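K.L.:
Model the following, please.
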Amino acid sequence: IKEKGSNWFTEIRAGLVTFLTMSYILPANAAIMAIAMGQDKRGDLVIATALVSAVASVLMGLMANFPLGVAPGMGLNAYF
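P.N.:
Just a heads-up that it's a prediction; the model follows:
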């Protein structure tokens, strides 16, 4: 952590913000997409969003060596 110019407080705070943001995106994205796909599929949409986010975040960490949480963008979902 010191090599990257950070400290434990910054890392904990960043992890908490990432967790809270991802926790918000899961139901919000599912609610927006359920309008088009039907309310009965909302649970499936939450699971799909979580799986896509997990895979993308792991790939970002492994391939780019950059610890970033990746999730579907909300802008295009709300626009269409």
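K.L.:
tell me what the longest helix that the chain contains is packed against?
P.N.:
When the chain is parsed with DSSP state H, its longest helix is helix 8-37. On a contact count with 3 or more Cβ pairs under 8 Å, 6 or more residues apart in numbering; DSSP states H and E, helix 8-37 meets helix 42-63, helix 74-79. The way it works is simple: take the backbone N, C-alpha and C, and place the C-beta from them, glycine included.
K.L.:
again, only using 6 Å
P.N.:
Applying 3 or more Cβ pairs under 6 Å, 6 or more residues apart in numbering; DSSP states H and E, one finds that helix 8-37 contacts helix 42-63.
K.L.:
The helix it packs on packs against which elements?
P.N.:
Looks like helix 42-63 contacts helix 8-37 (3+ Cβ pairs under 6 Å, 6+ apart).
K.L.:
in the helix it packs on, what counts as buried?
P.N.:
Residues of helix 8-37 classed as buried by neighbour count (16 or more other Cβ atoms under 10 Å): Met22, Ile25, Leu26, Asn29, Ala30, Ile32, Met33, Ala34.
K.L.:
nearest to Ala54, of those?
P.N.:
Lowest distance from Ala54 to these (Cβ to Cβ) belongs to Met22, with 9.3 Å.
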